[in-house]
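Asker: quick one: sequence plus predicted model below, questions after.
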Amino acid sequence: MEGFGGLSNSINGLKQAFRNGETRAVDWRKSQLQAVLRFLAENEDRIFEALKQDLGKHPVEAYRDEIGVVKKSAEHSLLHIKQWMAPKKGQLPLLLFPSRAEVLPEPLGTVLIFGSWNFPISLTLDPLIGAISAGNTVVIKPSELAPACSSLLSSTIPLYLDNKAVKIVEGGSDIAQELLQQQWDKIFFTGSPRVGRIVMSAAAKHLTPVTLELGGKCPVILDSYSGSDLKSAVKRIAGGKWGPCAGQACIGIDYLLVQQKLAPVLIESLKRCIKRFYGDNVQNLQSICRIVNKNHFDRICNLLEEPGVAASIVYGGSLDRENLMIEPTILLDPPLDAQIMTEEIFGPLLPIITLDKIEESIDFINARPKPLAIYAFTNDKKLKDRILQETSSGSVTFNDTIIQFICDALPFGGVGQSGFGRYHGKYSFDTFSHEKGVLHRSFFPELEPRYPPWNDFKLEFIRLAYNFDYVGLLLHLLGLRRLFIPNRAR
Amino acid sequence: MEDFMSSSSRNNNNNNIETAVKELRETFNSGKTKEESWRTTQLKNLLSLLMEKQEHIHTALQHDLGKHHVESFRDEVGPLIKSVNYALKGLKKWMVGKKADLPIAVFPASAHLVPEPLGVVLIISSWNFPFGLSLEPLIGAIAAGNAVVLKPSELSPASSSTLADLIHSYLDTKAIRVIEGDVTVGQQLLQQKWDKIFFTGSASVARIVMTAAAKNLTPVALELGGKCPAVVDSLSSSWDRKIAFNRIISAKFGACAGQACIAVDYILVDKKFASTLVEVMKAAILKMYGENPKESKTVARIVNKSHFSRLKNLLDDPMVKDSIVHGGSLDEDNLFIEPTLLVDPPIKAGIMTEEIFGPLLPIITLEKIEDSIEFINSMPKPLALYAFTNNETLMKKLSAGTSSGSILFNDAMLQYAADSIPFGGVGGSGFGRYHGKFSFDEFSHEKAIMRRSYLLDFWFRYPPWNDNKLQLLRSAYRFDYLGVVLIILGLKRS
């Protein structure tokens, strides 16, 4: 762990390593990506153990949401990095012939990545993959709320990655503040809007570009369904609520909107699903994470204690404070002004809000800040179109949940209060790159009309040039234009 | 800066601003600005504005900056016409978005990336190219379907009020508004909630803008400046020299008298070549701007007394004054500074530590031209880097060894008119970019839309967990579909 004094020196070391060009070569970048893969392969059990300690995450969930995600990202980057690094051809107008133009990606320099506690491995290493692929030097600040993972990363990553270029800095908010005082070429932050504001304000002092991956209340819209479709939908909804870290996930389902008359069938189906997936004894729930710490446990309990909220519980509600376990809980129409419906829940409580018609869900969603994801289970094309055109969110997924997260071709990021900037796949590379325009011109021929002394001929030339009117230009140069445009004021 | 407004009039202003923003939000929420027909109409109207009101624009620029009307056309009106046409041509395609490839693991599924407008956006522009720097972003904001407030700079007052008049008469005022005013109005605007702020100006004001934006988690684009260097290699051909120096001079004195974010700020040259450079440049300045550039109006004037004093102060340092080899005369009454060349002013003097933003051109001599890389890297990353050379090796070294918004070989400032190349800074010169489709993208959110079906639900997605499911997930992530099938059939163990 770095002390305060050592921090500046460390960061200067990273900046020097960047200046020396050590991180530019594709071979270096590939070697680091391969090192990440080795780290995952050789420390899988230790990673499982750390996640179990920090969050009670089951190894299968840990593989699916953390190890598997990072492995896939590293492999994808290894496959494509040469292509990403290559300049892209651009075009200049014919008028400027001979010339050529291209867009060349270059690393930003030394970047800072803040991880989050709910996916402490993937939310640090996935952005790291982007930063390394783009050729930067990196400081990662894992969340102190997942201490076993933070410590694992801090002790083990240096055994695999190039210490001169990648550093892990552990600590709490005081270290975070110290880091934010430094000058970075980019800050990548995953976390809450409240801390996002602090990060962006600090970044403003140095005019540092930031990416903010925040969250929001991600809604599910459930249209009318029958039979096996409903069963599948319910599995995906349950999987998307309690599956990722017991609801403590930015793209996890927050609440559900459904037509009133469908609520009873839905609730029964959800209950059966929950029992099958997780069991029904809060002392012995299977395959589901616990709440990260007492603070968050109490926060979530408080949500249930507001008037009207506890009364709306239709399933679950049991708490085990000692083991920080909260049973998957379903609530039916809690008061809309209660905190459970005004703040991001980030826990295993699923409010179901009933509506007269499912179309009302659009206004409901629009009355609230833009979420990171909207999930809609429907086959109604009209409803789909309205959702797409009339709401705004980081992404929209029809008939499933969470799965957009593993698709490298899809940019992952928010809009409005759910953040700005994006990553995954090539977007990770881009987010840590600057795309430099590179233009080449020749000394011959020259376009004299560019320069003073000014006259009407030159003005007309420039006018025609901006219209890309090459015929006109030719005629103009040959003095023949007046033959074709007799009376108009040129 | 003096604040002449009484607090009640300030409150009045604030109320007007709040009301305006509220109206714009209502317009945006009605969905009007998202329609392709609305966007096309606004762009076409903007084009009419540019075609029909050139006289007004030229008069305003003449008033604010003493710009010759051909310079105004070349640097502001012309590029805008080109950009509006480009947006009109590309709009339909841009709005459609594109398909995304998905891994088979999620089969059957399809995905698209569809752009949507951010909402109500704020554009703050600068005084040096008041029309260009206001309308170029406006084109992007409109094309992307947003409602817009434009805050022109009060330091170019004629342009500011002309913009307000013209925009309010040509464009849809329910969705696009110009709000004029000084620092106080600027601050009041920054208190509002925006879906994006696009700022062109200085780093010090940019900090204020970004800090205000942070309160609402508003994304920002900052188009700043920096000291854009021109690296001049020894050119053996006299034609090449003539052309190169013409281009440099034009990109300094011809670009709003050096008051431009992408103007050449200073020159780096091998000391053996320096005297040739100075001689040829002196002649070129004379040819291009004549004996009396103030009279011929081929060089713009300085925008106001404050900037004039700032530039005068740069020259007041005795060692700087001594380094002047051409020009140097100042006319405070007319806010005019003659095109001035300096050779090796002190590196620590203000003229070499700050962005000059004026018609003073320092020429820094080096032992060898390759030293320019280290020199450039000792300063914040500029918006543009120019290099005049025929040496391919030097070109590669410069491109790989430095970082800047963009880099141009053998010409200057042209990147401003290139629609297919993103225009924006890095490091101290800012972040975010625009021009061409990049303008559209800058004011859009690219929404990922995924459609799945119920066929083929992989049961190993759900708990209760067991080793079998773990193996299947491993294989699925490797996109090892055969492996998945074999495990399912019980024929393979992980």
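Answerer: Cool, got the structure. Numbers count the residues shown, from 1 in each chain, chains lettered A, B, ... in the order given.
Asker: C-alpha only now, for contacts and for neighbours.
Answerer: OK.
Asker: tell me how far B:K294 lies from chain A.
Answerer: Distance of B:K294 to chain A, computed by C-alpha to the nearest C-alpha, to the nearest Å: 13 Å.
Asker: excluding its backbone neighbours, what's nearest that residue?
Answerer: Sequence neighbours aside, B:F336 is the residue nearest to B:K294 in space, at 7.0 Å (criterion: C-alpha to C-alpha, 6 or more residues apart in numbering or on different chains).
Asker: so that neighbour sits against B:L330, correct?
Answerer: Yes - using C-alpha atoms under 8 Å, B:F336 makes contact with B:L330 at a distance of 6.1 Å.
Asker: who's more crowded, the two?
Answerer: A side-by-side neighbour count of B:F336 and B:L330, using other C-alpha atoms under 10 Å in any protein chain shown, places B:F336 first with 22 against 15.
Asker: need phi/psi at the more buried one.
Answerer: Main-chain torsions, B:F336, degrees, to the nearest 10: phi -120, psi 130.
Asker: which pLDDT value belongs to it?
Answerer: Note on B:F336: pLDDT of 96.
Asker: equivalent analysis for B:K469, please.
Answerer: 89.
Asker: same question for B:L65.
Answerer: Here the pLDDT value assigned to B:L65 is 97.
Asker: now stretch A:81-88, how far from the chain's geometric center?
Answerer: Distance, stretch centre to chain centre, for stretch A:81-88: 22 Å (C-alpha atoms, centre = their mean, to the nearest Å).
Asker: any buried residues in it, and which?
Answerer: If you call a residue buried by 16 or more other C-alpha atoms under 10 Å in any protein chain shown, then stretch A:81-88 has these buried ones: A:81, A:84-85, A:87-88.
Asker: and for stretch B:265-280?
Answerer: Across stretch B:265-280, burial judged by 16+ other C-alpha under 10 Å covers B:265-271, B:273-274, B:277-278.
Asker: any chance of CSV for those residues, columns pLDDT?
Answerer: Formatted as CSV, those follow (pLDDT from 0 to 100):
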residue, pLDDT
B:D265, 98
B:Y266, 98
B:I267, 98
B:L268, 98
B:V269, 97
B:D270, 96
B:K271, 95
B:F273, 94
B:A274, 95
B:L277, 95
B:V278, 96
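Asker: so which residues on the stretch 201-350 of chain B come close to chain A?
Answerer: By C-alpha under 8 Å from any C-alpha of the partner chain, the residues of the stretch 201-350 of chain B that approach chain A are B:203, B:206-208, B:210-211, B:214-219, B:239-240, B:243-244, B:250, B:254, B:287-290, B:298.
Asker: name the element the nearest residue to B:P293 once chain neighbours are set aside belongs to?
Answerer: Leaving out its chain neighbours, the residue that sits closest to B:P293 by C-alpha to C-alpha, 6+ apart is B:V299, at 5.9 Å. Counting by DSSP states H and E, no helix or strand carries B:V299.
Asker: right, and B:V299 touches B:G254 too?
Answerer: Yes - at 5.9 Å, B:V299 counts as touching B:G254 under the criterion of C-alpha under 8 Å.
Asker: next step: the residues of the stretch 201-350 of chain B next to chain A restricted to helices.
Answerer: The members of those that map onto helices under DSSP state H are B:203, B:206-208, B:210-211, B:214-215, B:239-240, B:243-244, B:250, B:287-289.
Asker: on the three-state scheme, B:N128 is what?
Answerer: The three-state label for B:N128, taken from DSSP: H, G, I helix; E, B strand; the rest coil, comes out as coil.
Asker: any bit of stretch A:279-296 sitting next to chain B?
Answerer: Yes - contact of stretch A:279-296 with chain B (C-alpha under 8 Å from any C-alpha) involves A:286-287.
Asker: list the buried residues in that stretch.
Answerer: Buried positions in stretch A:279-296, judged by neighbour count with 16+ other C-alpha under 10 Å: A:279-280, A:282, A:285-293.
Asker: go on, stretch B:367-379?
Answerer: Residues B:369-370, B:372-373, B:376 are the ones in stretch B:367-379 that count as buried (16+ other C-alpha under 10 Å).
Asker: returning to what we had before: make a ChimeraX selection of whichever of the ones in helices among the residues of the stretch 201-350 of chain B next to chain A turn out to be buried.
Answerer: Burial among those is assessed by 16+ other C-alpha under 10 Å; the matching ChimeraX selection reads:
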select /B:203,206,207,208,210,211,214,215,240,243,244,250,288,289
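Asker: could I get the contacting residues of residue 146?
Answerer: As the question left the chain open, I've gone with chain A. A:A146 makes contacts with A:54-55, A:117-118, A:120, A:292, as judged by C-alpha atoms under 8 Å, 6 or more residues apart in numbering or on different chains.
Asker: that's the wrong chain, I wanted chain B
Answerer: Contacts for B:N146 (C-alpha under 8 Å, 6+ apart) come out as B:28, B:33-34, B:117-121, B:175, B:443.
Asker: mind running it again at 10 Å?
Answerer: When the contact criterion is C-alpha atoms under 10 Å, 6 or more residues apart in numbering or on different chains, the partners of B:N146 are B:24-25, B:27-28, B:31-34, B:39, B:116-121, B:138, B:140, B:175-176, B:195-196, B:443-444.
Asker: A:E360 now?
Answerer: A:257-259, A:354 are the contacts of A:E360 under C-alpha under 10 Å, 6+ apart.
Asker: distance of it from chain B?
Answerer: Distance of A:E360 to chain B, given as C-alpha to the nearest C-alpha: 16 Å.
Asker: quick one: pLDDT of the most centrally placed residue in chain A?
Answerer: The centroid of chain A falls nearest to A:G413 when counting by C-alpha atoms, centre = their mean (3.7 Å). For A:G413, the model assigns a pLDDT of 97.
Asker: does the strand or helix carrying B:L80 reach chain A?
Answerer: Using DSSP H and E, B:L80 falls within helix B:78-96. Yes - applying C-alpha under 10 Å from any C-alpha of the partner chain, one finds helix B:78-96 touching chain A at B:78-83, B:85.
Asker: likewise for stretch B:414-429?
Answerer: Yes - counting by C-alpha under 10 Å from any C-alpha, chain A has neighbours in stretch B:414-429: B:414-415, B:417-429.
Asker: what is the end-to-end distance of that stretch?
Answerer: Stretch B:414-429 stretches 18 Å from its first residue to its last (C-alpha to C-alpha, to the nearest Å).
Asker: distance from it to the middle of the chain?
Answerer: Remark: stretch B:414-429 is offset 6 Å from the chain centroid, using C-alpha atoms, centre = their mean.
Asker: cool, and stretch B:46-56?
Answerer: Stretch B:46-56 has its average C-alpha position 23 Å from the chain's average C-alpha position, going by C-alpha atoms, centre = their mean.
Asker: may I ask which of the residues of stretch B:414-429 next to chain A comes out lowest in pLDDT?
Answerer: The lowest pLDDT within the residues of stretch B:414-429 next to chain A belongs to B:A417, which sits at 89.
Asker: just the closest of the buried residues of stretch A:81-88 to chain B, please.
Answerer: Nearest to chain B among the buried residues of stretch A:81-88 is A:K88, at 10.0 Å by C-alpha to the nearest C-alpha.
Asker: what bridges to that closest one?
Answerer: Going by DSSP bridges, A:K88 is paired in beta bridges with A:V103.
Asker: surely it and A:V103 touch.
Answerer: Yes - shown here, A:K88 and A:V103 form a contact pair, counting by C-alpha atoms under 10 Å, at 5.1 Å.
Asker: who touches both of these two?
Answerer: Listed as contacting both A:K88 and A:V103 by C-alpha under 10 Å, 6+ apart are A:435, A:437-438, B:421.
Asker: if anything else comes up later, I'll come back, but that's it for now.
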